[in-house]
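Student: Got a sequence here, can you build the structure:
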Amino acid sequence: MKNDMLWLKDHGIISVPKSVLNSNELDETVAHLLVAARNDGSATRGVDTDAALAAAKAQYNTLQLPVMDLVTVALQSEDFVAQLREVFPDKEDDDDVDLE
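Tutor: Residues are numbered from 1 along each chain as shown. Just a heads-up that it's a prediction; the model follows:
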């Protein structure tokens, strides 16, 4: 149990925000939102920039990240640390596990 808590403290907890911040889904959604915000109110002919910005905001506000689904499932397990270890393998295990 002590090893599990040490792993969780030293590796598991920090892996969640790192995975979120490094996700392609977040990168793409934020980039889309920035472009829509930059274009909003511009003199773009035939484009409803208000609607485009509203859609980009809605996409951002409802963004679901696969890694968070995996974390949610893991935390519902009786042995959540073992489940989290599968989601966020240690460095030496990275070659053996493909999260995509």
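Student: what about the residue located most distally from the centre of the chain, helix or strand, and which?
Tutor: Distance from the C-alpha centroid of the chain peaks at residue 45, with 34.8 Å (Cα atoms, centre = their mean). In the assignment (DSSP states H and E), residue 45 maps to no helix and no strand.
Student: Looking at it now. What's its pLDDT?
Tutor: Note for residue 45: predicted pLDDT of 72.
Student: residues touching residue 88, list them.
Tutor: Residues near residue 88 by Cβ atoms under 8 Å, 6 or more residues apart in numbering: 11, 12, 15, 16, 19. To be clear about C-beta, it is placed using only N, CA and C from the backbone, and glycine gets the same treatment.
Student: Tell me the buried residues within those.
Tutor: Among the contacts of residue 88, those scoring as buried are 12, 15, 16, 19 (criterion: 16 or more other Cβ atoms under 10 Å).
Student: Can you list which of those residues are found in strands?
Tutor: Assignment to strands by DSSP state E places none of the buried ones among the contacts of residue 88 there.
Student: is it possible to export those residues to TSV including pLDDT?
Tutor: As requested, the buried ones among the contacts of residue 88 are arranged in TSV below (pLDDT from 0 to 100):
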residue	pLDDT
12	86
15	91
16	92
19	93
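Student: Going by distance to residue 84, which of these wins?
Tutor: Among those, residue 12 lies closest to residue 84 (Cβ to Cβ), at 4.9 Å.
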